[in-house]
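Chemist: Structure for the following, please:
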Amino acid sequence: MFEDIPPFAQKNDEGFCFWVKVTPKAAKSRIGSLVDGINNKKILKVYVTAPPTDNLANSAVIEVLSSYFHKPKSKVLIISGLTAREKRIQILS
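Modeler: Alright, predicted model coming up:
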């Protein structure tokens with residue numbers, strides 16, 4: 001299990017999950033700031049250079065988050081929002 005879960009994440013049986021807001025076609029792939037969403041949920045901004053077509057942006061989001069959390073890409077799942085900018089992410093332990 002994770003010893004250090006980010007403050008914006010919710011712990012669950014598989015690891016932890018959180019919300020991201022994706023900006024595709026950015027100048028540089030990176031993790032941005034935390035923003036407030038509806039109902040006081042915290043949303044992590046993620047910028048990717050990939051366009052939002054043919055699942056390219058989703059793959060890029062997984063790659064950026066995998067690097068950020070030092071986890072293999074197989075441990076980073078998009079559990080909702082595959083076609084939306086706001087996505088729910090699961091990081092497996």
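Chemist: helices and strands around the lengthiest strand in the chain, which ones?
Modeler: The longest strand of the chain (DSSP state E) is strand 15-23. Contacts defined by 3 or more Cβ pairs under 8 Å, 6 or more residues apart in numbering; DSSP states H and E place strand 15-23 against strand 10-12, strand 42-47, helix 56-69, strand 86-92. C-beta: built from backbone N, CA, C; applies to glycine.
Chemist: Now distance to residue 78, mean neighbour count and mean pLDDT too, for these, in TSV please.
Modeler: Shown next, in TSV, are the helices and strands packed on strand 15-23 (distance: least, Cβ to Cβ, whole Å; neighbours: other Cβ atoms under 10 Å; pLDDT from 0 to 100):
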stretch	distance to residue 78	mean neighbour count	mean pLDDT
strand 10-12	15	12	95
strand 42-47	11	19	96
helix 56-69	6	18	97
strand 86-92	5	18	97
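Chemist: outside of stretch 71-86, which residues touch it?
Modeler: By Cβ atoms under 8 Å, 6 or more residues apart in numbering, the residues outside stretch 71-86 that reach it are 15, 17, 19-23, 37, 43, 55, 58, 61-63, 65-66, 69, 87-93.
Chemist: mind listing what residue 52 touches?
Modeler: Counting by Cβ under 8 Å, 6+ apart, residue 52 has contacts 22, 24-25.
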